[in-house]
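Peer 1: Quick check, what structure comes out for this input:
(one chain, ligands or ions: 2)
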Amino acid sequence: MVRESVDLLIEARWLLPMEPADRVLERHSVAVRGGRICALLPWQEAETRFEARERLRLHTHALLPGLVNLHTHAAMTLLRGLADDLPLMEWLQKHIWPAEMRFVTPEFVYDGTLLACAEMIRGGVTCFNDMYFFPEAAAKAALEAGMRAAIGMIVVDFPTPYAADPDDYLTKGMALRDQYRSNSLLSFCMAPHAPYTVSDKTFGKMLTYAAQIQVPIHVHLHETEEEIRESLRQHGVRPIERLRRLGLLGPDLVAVHMVHLTPEEVDLVACANASVVHCPSSNLKLASGFSPVAELMEHGVNVGLGTDGAASNNRLDVFQELRTAALLAKAVSGRANALPAHRVLQMATLNGARALGLENETGSLLPGKSADMVAVNLGTLELSPCYDPHSHLVYAAGREHVSHVWVQGRLLLNEGRLTRLDVDEIIARATRWGRRVAEADGSAPEGRGQ
Ligand SMILES: CSC[C@H]1O[C@@H](n2cnc3c(O)ncnc32)[C@H](O)[C@@H]1O
Ligand SMILES: [Zn+2]
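Peer 2: Ligands and ions are numbered 1, 2, ... in the order given. Below is the predicted model of the structure:
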């Protein structure tokens, strides 16, 4: 019998395809050809059917789709730890926005995003949904890192070093999207920052553009009680109702945070088929509150997971979000069976891909999809024995157990080592930025050995 040739054959102890959420394939292989998954089959069958150019035996590992970080501001790695222990508006207005006005340039965004990519790849993330200034620099860094990214065409209704006014933001975003239109790793989102920074008129324009080019609309929404109070004062309605009236509440909406929701709002979001991004660590750290995630999911809402930026988390660690989301859902709903491990993993993979309109490309291990995958070693001291790989991935493992990462079949992490990125160079650049920011902030870190 003539064997079919493939580029890569990976034998994994456990394959977790994520479709359906709780499926576990034991002692199965994944065959990859031309950057795509071509088959999932038992080790023995793979052996007889395929002739592999390269093979990998991961006999203590779980292999699953790459994690999707559904909301981040990647370049904020360079502002990590600058202002902690503050509520959202004080954090933004007194610390983060002034620092961004002063330091954010294309170089800052490129260096910060590359640092974020290195951190995320080491943590098993293959795709991130970004919202930040100078998105052209974020796109360049993501491509250099070999990651999949959804780049935000951002707008706020005030001038920043990136753009002068809403039309300027939109023109720049649309030009960037045109430039990368046929790139297989980059997709785009319309990204109005939040209800308190974007006017009705600007939301209207963004909706028109988003419908024209068929991209999701990525926005912070119902993050704090204060946001809702301000909206009631200024617009007479809560932000979700305001967006509904403006026509934004629909299947293309990717609403980040959604912490404070009435039962009627949960119904509205579900009926609209909108997606929600749950960012549990950011919500805890900024004391924003607890999103009713289990309730949203029980109503059929597509909920993904995000880290938010490194200045409000302070890690870009989706493994941490998996565990925190699972534990919080139980405490918030009062039910220990709320959000079982396989469901949380599906949130961080397939649901993220769905929200970005990428579910035919990534988010699960199915023949025909891109080979965006992560291997996690469950054979270590603290993870032995393993009865249930879903359980271990959510409740016991951490990003330190990620061993291999592939995007489009290209190996980005090999036995814990980044294959494309120069870690020392990334650290050196981050340290230089750190010195500049700290000097301006009056807290130069000489005493910390830098
Ligand atoms: C328009 S670029 C993105 C903008 O968002 C800021 N930001 C970071 N984290 C949050 C958050 O949790 N809520 C609202 N805004 C946030 C970031 O600093 C940039 O200014
Ligand atoms: Zn955010």
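Peer 1: Give me the residues contacting stretch 169-182.
Peer 2: With Cβ atoms under 8 Å, 6 or more residues apart in numbering as the contact definition, stretch 169-182 has outside contacts at 135-136, 139, 151-156, 162-163, 186, 188, 190-191, 205-206, 209, 213, 215. For glycine as for every other residue, the C-beta is placed from the backbone atoms N, C-alpha and C.
Peer 1: now do stretch 42-62
Peer 2: Stretch 42-62 is contacted by residues 1, 3-16, 27-29, 31, 39, 41, 375-379, 389, 392-393, 403-404 when judged by Cβ under 8 Å, 6+ apart.
Peer 1: Now restrict those residues to buried residues only.
Peer 2: 6-16, 28-29, 31, 39, 41, 375-378, 389, 392-393, 403-404 (16 or more other Cβ atoms under 10 Å).
Peer 1: related to what we said a few turns ago, near ligand 1, which of the contacts of stretch 169-182 show up?
Peer 2: Among those, the ones lying near ligand 1 by Cβ under 6 Å from any ligand atom are 154, 156.
Peer 1: Any idea how many residues pack against residue 380?
Peer 2: 14 (other Cβ atoms under 10 Å).
Peer 1: Quick check: closest non-adjacent residue to the spatially most central residue of the chain.
Peer 2: Compute the mean C-alpha point of the chain, and by Cα atoms, centre = their mean the closest residue is residue 69, 1.3 Å away. Distance criterion Cβ to Cβ, 6 or more residues apart in numbering; nearest residue to residue 69, sequence neighbours excluded, is residue 128 at 4.2 Å.
Peer 1: The helix or strand hosting the one you found: partners in the sheet, and parallel or antiparallel?
Peer 2: Following DSSP states H and E, the helix or strand that holds residue 128 is strand 125-130. Each strand paired with strand 125-130, and its direction, by DSSP bridges: strand 67-72 (parallel), strand 148-155 (parallel).
Peer 1: ok, it near ligand 1 or not?
Peer 2: No. Using Cβ under 6 Å from any ligand atom, we find that strand 125-130 stays clear of ligand 1, coming within 9.2 Å at best.
Peer 1: Extract the CA atoms of that strand and return them as PDB.
Peer 2: Output of strand 125-130 as PDB, limited to C-alpha atoms (Å, rounded to 0.1, in the frame of the first residue of the first chain):
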ATOM      1  CA  VAL A 125      -1.800  31.500  22.500                       C
ATOM      2  CA  THR A 126      -1.900  31.300  18.700                       C
ATOM      3  CA  CYS A 127      -4.400  34.100  18.000                       C
ATOM      4  CA  PHE A 128      -5.100  37.500  19.700                       C
ATOM      5  CA  ASN A 129      -7.700  40.200  19.200                       C
ATOM      6  CA  ASP A 130      -5.900  43.500  19.700                       C
END
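Peer 1: per-residue confidence averaged over it?
Peer 2: When pLDDT is averaged along strand 125-130, the result is 99.
Peer 1: and if you look at stretch 387-401?
Peer 2: Here stretch 387-401 scores 98 as its mean pLDDT.
Peer 1: Tell me which residues of that stretch come out buried.
Peer 2: Going by neighbour count (16+ other Cβ under 10 Å), the buried part of stretch 387-401 is 389, 390, 392, 393, 394, 397, 398, 399, 401.
Peer 1: re the thing from before, reformat the strands paired with strand 125-130 into JSON lines and put distance to residue 89 and mean pLDDT next to each item.
Peer 2: Listed next are the strands paired with strand 125-130 as JSON lines, based on distance: least, Cβ to Cβ, whole Å; pLDDT from 0 to 100:
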{"stretch": "strand 67-72", "distance to residue 89": "19", "mean pLDDT": "99"}
{"stretch": "strand 148-155", "distance to residue 89": "19", "mean pLDDT": "99"}
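Peer 1: Please identify the deepest-packed of those strands.
Peer 2: Most buried of the strands paired with strand 125-130, by mean neighbour count (mean count of other Cβ atoms under 10 Å): strand 67-72, with a mean of 31.
Peer 1: That strand near ligand 1 anywhere?
Peer 2: No. Strand 67-72 stays clear of ligand 1 (Cβ under 6 Å from any ligand atom), getting no nearer than 8.6 Å.
Peer 1: What is the distance between that strand and the centre of its chain?
Peer 2: Computed by Cα atoms, centre = their mean, to the nearest Å, the chain-centroid distance of strand 67-72 equals 1 Å.
Peer 1: what's the angle from the longest strand anywhere in the chain to strand 125-130?
Peer 2: Longest among the strand segments of the chain by residue count, using DSSP state E, is strand 50-65. With axes from the mean of the first three to the mean of the last three Cα atoms, to 10 degrees as the basis, strand 50-65 and strand 125-130 are set at 50 degrees to each other.
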